[in-house]
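J.: I would like the atomic coordinates for the input below:
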Amino acid sequence: MNAAGIYMPTGFTGILTPGWRKPKMVRDGDEPYRELEALVRSGDYFVTMATELDSFSREASDYDVKVGLENLVSDLIHLQDNYTIIKKNEQAE
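T.: Numbers count the residues shown, from 1 in each chain. Now for the predicted structure:
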């Protein structure tokens, strides 16, 4: 927590890059799955996650962290190009 009582992620410098926003997490908000389900329905879930992780990897100073994030981005792009998420209870329909 900083002096103002605001929780900051470990390693946060306090400087936000242009266009940065707090990623929407499943547990946020009154209707936690609304944005997540919209991303899945639109087919943009994997590429959205890849974009978020790519922005973190560009700012990572630790080489191993940077490489790990870049590998995750590659995996997510592969998933975006080759797979579709189907909700479990909709598979039988």
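J.: Now tell me what touches the strand or helix carrying residue 73 from outside.
T.: Taking DSSP states H and E as the criterion, the element that holds residue 73 is helix 63-82. Contacts with helix 63-82, where a contact means C-beta atoms under 8 Å, 6 or more residues apart in numbering, come from 43, 46, 47, 49, 50, 53, 54, 56, 57, 60. To be clear about C-beta, it is placed using only N, CA and C from the backbone, and glycine gets the same treatment.
J.: what's the closest of the residues you listed to residue 86?
T.: Of all the contacts of helix 63-82, residue 43 has the smallest distance to residue 86: 11.3 Å, by C-beta to C-beta.
J.: Three-state assignment for the closest residue to that closest one other than its chain neighbours, please.
T.: Spatially, and ignoring its direct neighbours in sequence, residue 43 is nearest to residue 84 (6.8 Å; C-beta to C-beta, 6 or more residues apart in numbering). Under DSSP: H, G, I helix; E, B strand; the rest coil, the three-state class of residue 84 is coil.
J.: Residue 48 reaches residue 36, doesn't it?
T.: No. If you go by C-beta atoms under 8 Å, residue 48 and residue 36 don't touch, sitting 9.7 Å apart.
J.: Count the neighbours of residue 49 for me.
T.: Residue 49 has 19 neighbours, counted by other C-beta atoms under 10 Å.
J.: which residues of the protein fall in helices?
T.: Using DSSP state H, the helices of the chain run over 34-42, 45-59, 63-82.
J.: Pull out the buried positions in the first one.
T.: So the one you mean is helix 34-42. Buried positions in helix 34-42, judged by neighbour count with 16 or more other C-beta atoms under 10 Å: 36, 39, 40.
J.: helices or strands next to it in the packing?
T.: On a contact count with 3 or more C-beta pairs under 8 Å, 6 or more residues apart in numbering; DSSP states H and E, helix 34-42 meets helix 45-59.
J.: orientation of the helix it packs on relative to helix 34-42 in degrees?
T.: Helix 45-59 runs at 110 degrees relative to helix 34-42, counting by axes from the mean of the first three to the mean of the last three C-alpha atoms, to 10 degrees.
J.: who's in contact with helix 45-59?
T.: By C-beta under 8 Å, 6+ apart, helix 45-59 touches 17, 20, 23, 36, 39, 65-66, 69-70, 72-73, 76-77, 79-80, 83, 85.
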